[in-house]
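Participant: Build me a model:
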Amino acid sequence: MRNLLNLAAPLALSLSCALASPAMAETVTASSPDGSLVLSVTTDNDGHPLYSLTRKGKLLLGSSMLGFITSDGPTMQRGQKIIGSETSSGKETWEQPWGERRYVSDNHNELLVRFEQVPDWGGRRMNVRFRLFNDGFGFRYEMPEQPAMKVMKIADELTEFNVAQNGTAWWIPGGEWNRYEQVYQKTPVDGVSTAHTPITMKLDDGTHLSFHEAALVDYSGMWLKRQTGTSFRATLAPSPNGPKVTRSLPFSTPWRTMRVADSAKGIVENDLELNLNEPNKIGDVSYFKPMKYIGIWWGMIRGDWSWAEGPQHGATTTRTKQYIDFAAKHGFGGVLVEGWDKGWNGTWFGSGKDFSYTQATPDFDLEAVTRYGAKKGVMLIGHHETGGNIANYEAQLDDAMKLYDKLGVRAVKTGYVADAGGILAPGDAPGRYRMEYHDGQRQVQHHLKVVETAAKYRIAINAHEPVKDTGLRRTYPNWIDREGARGMEYNAWGQFANGPDHEPTLVYTRMLSGPMDFTPGILSLEGANKVPLASTLAKQLGLYLAIYSPIQMAADFIESLEAHPKELAFIKQVPADWSESHLIAGEVGDYAIFARKDRNSQDWYVGGVNDATARDVSLSLNFLEEGKTYTATIWKDGEGATYETDARHRISYATLKVRKGDALPVWLAPGGGLAVRLHPGK
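Facilitator: All right, here's what the predicted structure looks like:
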C-alpha cells in the first residue's frame with residue numbers, strides 16, 4: 001500500500017527580504033504538520049549559518065551552527081548568506097516487507113535552504129534540507145555541482161545541537177576500542193563526553209530526545225561530541241587518508257536526526273529514520289522469511305567447542321545434522337554454523353588473512369549438510385567471519401555468495417571481529433593495506449557492497465561487528481539485522497557482564513536504530529564455568545518481545561532447550577514478524593513491556609524485560625479487538641525469583657480469559673521478565 005496520499009502543498013514560510021547588511025540577515029522558518037515544532041534558519045553577523053528549534057512554544061535546540069571543516073580550503077562556515085529557499089510537504093503510508101509493524105506513516109513538511117559563501121571565503125555553495133515531523137526532525141547537507149569545488153574533502157562537520165536544558169542521558173563512548181559493544185552509561189546531559197548514536201536524553205521538563213542519523217551511505221559515521229554545557233557537535237569517524245570523507249560533487253550527506261516525545265513510548269514508537277531513507281531499491285525479497293533459528297555457536301562462545309579444527313571442533317557434519325534434526329522437530333527455520341570454513345586455525349582475530357569462504361574444513365561437508373537440511377525443511381544459515389580483513393573478503397565475495405546461492409543458503413551472518421581502527425582494507429598497491437575504523441567511510445562502503453552483492457544472489461545479510469543501523473533496511477530490505485551492541489555472548493564471559501538493566505536500556509537506545517541479533521534463549525542461565533546470567537528464566541522469554549529482530553535465535557545448546565519444554569513451547573510459538581508493535585509500559589533503563597501482533601494470525605504477544613528493581617505493573621489490554629475473548633497463556637517470574645541467586649530459575653505459568661479493556665497485573669522480579677500469548681477464541 002504505497003503512496004496512498006502524496007501532497008505537495010507549500011509550507012507557511014516567513015522570509016525577510018532585507019539582505020543589505022549582515023545585521024539584517026535573512027531568516028526562514030517552517031513548522032511540523034501539527035505546528036508543535038518550529039524551525040528557524042538564519043545567519044549571524046559573521047555569516048555563520050544557524051538553526052534553532054522550538055516545541056510547543058518552548059526552546060528545544062538553541063542557536064546551532066551548520067557547516068564543514070574542509071582539508072583543502074577555508075571552512076564552510078563563515079561568510080555564508082541565504083540565497084534562496086524552497087518548501088514542500090508529503091503524506092503517505094508505505095508497507096514494509098517485514099518489520100515491527102507492517103505499515104509506516106510518513107507525514108512531514110520540508111524546507112530546503114540554499115547557502116553561498118562570499119567570494120573572500122571561496123564562493124562555495126551548500127544546501128540544507130530540513131524535514132519536520134510531528135515527533136522529530138532531520139536535516140542533511142546537499143552539495144550541488146559548482147565551479148568552485150569538484151571534490152569535497154571533509155575534515156569534520158561543524159553541525160551543532162545546542163540542547164536548551166539539562167537532563168539525563170543514556171549513552172556509550174564513541175571511538176573506543178570495543179566499538180559499540182559497551183555498557184551504557186547514565187549521566188547528566190552535561191556529563192557526556194563523545195558518544196555513539198543513538199544517544200537518548202530525558203530533559204528536566206520530561207521531554208525525551210534521541211539523536212541519531214539516517215541513510216548513512218558513502219560517508220563516515222557520526223559521533224556526538226559535547227563541547228560545553230549541553231552543547232554538542234557532530235564529529236566523524238576517522239580515516240587514514242586524512243580527510244574523514246572524500247566525495248565528488250554532487251552528493252548528499254546522511255540525515256542528522258532527532259526524535260522528540262513527551263514519553264519513552266513516543267521515542268520508541270517512532271519511524272523517523274526509516275522515513276528518511278529511500279524506498280526499496282532491490283525489488284523482491286520474498287526469498288527471506290522471518291524465522292527463529294538455532295546454531296552451533298553458544299558452545300564456542302562458552303569454550304566447550306572450538307572454531308579451529310581439532311578434537312573440539314564445533315562445526316562438524318555429524319553435529320550439524322543433529323541440530324538440523326532438532327530444528328525440523330521443533331519448527332525452527334534455520335541452523336547457523338560457525339567455523340565451518342578453512343582459516344580458523346591460529347590467531348585469526350584481527351587479521352583474517354587465511355579465511356576461505358568457499359572451502360570447508362575436512363570434517364564438514366557443506367553440500368551434504370545443505371542437502372540434508374533441504375530434505376528436512378531447514379535452511380543452513382551461512383557464516384562469513386572476516387577477522388576485520390575486508391581486503392581478503394572482498395576478493396572472494398562474489399564467489400562466496402554464488403556458492404551459497406547454488407546451495408540454497410538465503411541468509412548469511414557476517415562478522416568483523418577486530419578492535420576499533422583494526423579493519424584491514426586494500427591499500428594503494430597489491431599486498432599493501434591500510435587500517436580503517438568500523439564506522440569510517442571505507443567500511444560504510446564495504447557493508448553496502450556486501451549487501452548489494454548478496455541481493456544479486458537472493459541472500460539476506462545479518463552483520464555482526466557492523467556499522468550502526470540508520471534505517472537502510474528500508475532501501476535494502478535484504479539487510480535484515482545487525483549486532484552493534486553488547487549481545488548475549490558477554491553473559492558467557494563474566495558474572496553479570498551485562499547487568500540486569502542492560503536490556504531495558506537497549507530498548508531505548510540501540511534498538512531505536514533498528515533490529516538487533518541479540519541471541520536470546522539461554523534457558524540454562526549459565527555461561528562458561530557455570531557463570532550465572534543477570535536474568536530470570538522469564539526474562540529470557542521476554543527478550544523475544546523486547547529486542548526486535550526478524551531472525552531470532554534460540555541460542556542455548558539443544559539439550560538445554562529440550563530440558564525446558566514449557567519455555568521451548570513459547571519460543572516455538574512467538575513470531576519474528578509483526579503487523580503492530582506498541583510499548584505499553586516502560587521507562588528508559590528501567591523496564592520495557594511490549595504488545596505485538598503477529599503478522600500472520602490474530603494472535604497478540606505481550607512481554608518484556610525488567611532491571612534490578614522488583615516492580616508491580618498493571619498492563620492495559622486496550623489494544624485487543626473489541627468483542628473477542630482471548631486465552632492468555634502466561635510465563636512469568638515465580639514467587640521470590642531474582643537474578644541474584646539460584647531463584648533466577650523460578651518461573652510460573654498461568655492461563656486465563658481476557659478481553660479488551662481488562663488490565664493484567666504483573667509482578668516483575670529483579671532482573672526479571674514476562675511473556676504472554678493472547679489467542680482469540682471463536
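Participant: For the stretch 251-400 of the chain, which segments count as strands?
Facilitator: For the stretch 251-400 of the chain, the strands defined by DSSP state E, counting those that start in this stretch cover 251-252, 255-261, 291-296, 334-337, 379-385.
Participant: can you tell me how far residue 167 sits from residue 186?
Facilitator: Counting by Cβ to Cβ, to the nearest Å, the separation of residue 167 from residue 186 is 11 Å. For the C-beta atoms, the positions are set from N, CA and C on the backbone; glycine is no exception.
Participant: picking that back up, between the strands of the stretch 251-400 of the chain, which one is closest to residue 163.
Facilitator: Taking Cβ to Cβ, strand 255-261 is the member of the strands of the stretch 251-400 of the chain nearest to residue 163, at 9.6 Å.
Participant: buried set for stretch 626-645?
Facilitator: Using 16 or more other Cβ atoms under 10 Å as the test for burial, stretch 626-645 gives 630, 632, 633, 634, 635, 636, 637, 638, 641, 642, 643.
Participant: ditto for stretch 255-270
Facilitator: Neighbour counts over stretch 255-270 (16+ other Cβ under 10 Å) mark 255-261, 263-270 as buried.
Participant: For residue 170, list the residues it contacts.
Facilitator: Residues in contact with residue 170 (Cβ atoms under 8 Å, 6 or more residues apart in numbering) are 184, 185, 186, 199, 200, 201, 505, 508, 509, 588, 589.
Participant: try it again with 7 Å
Facilitator: 184, 186, 200, 505, 508, 509, 588, 589 (Cβ atoms under 7 Å, 6 or more residues apart in numbering).
Participant: before we move on, the earlier item: which of residue 167 and residue 186 has more neighbours?
Facilitator: residue 167 (18 against 14; other Cβ atoms under 10 Å).
Participant: beta partners for that one?
Facilitator: Beta-bridge pairing for residue 167 (DSSP bridges): residue 203.
Participant: Quick check: what element follows the worst-scoring helix or strand of the chain on mean pLDDT along the chain?
Facilitator: Lowest on mean pLDDT, DSSP states H and E among the helices and strands of the chain sits strand 14-15, with a mean of 34. Per DSSP states H and E, the first helix or strand lying C-terminal to strand 14-15 is strand 28-31.
Participant: now the angle between strand 255-261 and the helix or strand that that next one is followed by, please.
Facilitator: Downstream of strand 28-31, the next assigned helix or strand under DSSP H and E is strand 37-43. Counting by axes from the mean of the first three to the mean of the last three Cα atoms, to 10 degrees, strand 37-43 lies at 140 degrees to strand 255-261.
Participant: Strand 37-43 - what's its average pLDDT?
Facilitator: Averaged across strand 37-43, pLDDT comes to 98.
Participant: what does stretch 607-614 give?
Facilitator: Mean pLDDT, stretch 607-614: 98.
Participant: Go through that stretch and flag the buried ones.
Facilitator: Quick answer for stretch 607-614 (16+ other Cβ under 10 Å): 607, 608, 609, 610, 611, 612.
Participant: starting at the chain centroid, how far to that stretch?
Facilitator: Here the centre of stretch 607-614 is set off from its chain's centre by 22 Å, with Cα atoms, centre = their mean, to the nearest Å.
Participant: you'd agree residue 663 is up against residue 622?
Facilitator: No. Using Cβ atoms under 7 Å, residue 663 makes no contact with residue 622, being 9.1 Å away.
Participant: Determine the longest helix present in the chain.
Facilitator: helix 390-407 (DSSP state H).
Participant: Next, the contact list for residue 434, please.
Facilitator: 240, 425, 427.
Participant: Just those: which are in helices?
Facilitator: Per DSSP H, the contacts of residue 434 never map to helices.
Participant: Closest to residue 443 out of the residues you listed?
Facilitator: residue 425 (7.7 Å).
Participant: Switch the strands of the stretch 251-400 of the chain over to TSV, and while doing so, append mean pLDDT and distance to residue 659 to every line.
Facilitator: Putting the strands of the stretch 251-400 of the chain into TSV (pLDDT from 0 to 100; distance: least, Cβ to Cβ, whole Å) gives the following:
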stretch	mean pLDDT	distance to residue 659
strand 251-252	98	50
strand 255-261	99	29
strand 291-296	98	29
strand 334-337	98	37
strand 379-385	98	39
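Participant: right, so of the ones you listed, which gets closest to residue 561?
Facilitator: Of the strands of the stretch 251-400 of the chain, nearest to residue 561 by Cβ to Cβ is strand 291-296, at 7.5 Å.
Participant: helices or strands next to the closest one in the packing?
Facilitator: helix 317-330, strand 334-337, strand 551-553 (3 or more Cβ pairs under 7 Å, 6 or more residues apart in numbering; DSSP states H and E).
Participant: Just put the ones you listed in TSV and tack on mean neighbour count and distance to residue 419.
Facilitator: Converted to TSV, the helices and strands packed on strand 291-296 look like this (neighbours: other Cβ atoms under 10 Å; distance: least, Cβ to Cβ, whole Å):
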stretch	mean neighbour count	distance to residue 419
helix 317-330	18	31
strand 334-337	26	24
strand 551-553	27	25
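Participant: Any chance of these in a markdown table with distance to residue 411 as columns?
Facilitator: Shown next, in a markdown table, are those (distance: least, Cβ to Cβ, whole Å):
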| stretch | distance to residue 411 |
| --- | --- |
| helix 317-330 | 14 |
| strand 334-337 | 7 |
| strand 551-553 | 7 |
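Participant: between the ones you listed, which gets nearest to residue 84?
Facilitator: Of all the helices and strands packed on strand 291-296, it is strand 551-553 that lies closest to residue 84, at 46.6 Å by Cβ to Cβ.
Participant: Now do the buried residues in the helix or strand just after the closest one.
Facilitator: Heading C-terminal from strand 551-553, the first helix or strand you meet, by DSSP H and E, is helix 558-562. By neighbour count on 16+ other Cβ under 10 Å, the buried set for helix 558-562 is 558, 560, 561.
Participant: want to try a markdown table for these, with pLDDT and distance to residue 354 as columns?
Facilitator: Output for those, formatted as a markdown table (pLDDT from 0 to 100; distance: Cβ to Cβ, whole Å):
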| residue | pLDDT | distance to residue 354 |
| --- | --- | --- |
| 558 | 98 | 30 |
| 560 | 98 | 33 |
| 561 | 98 | 34 |
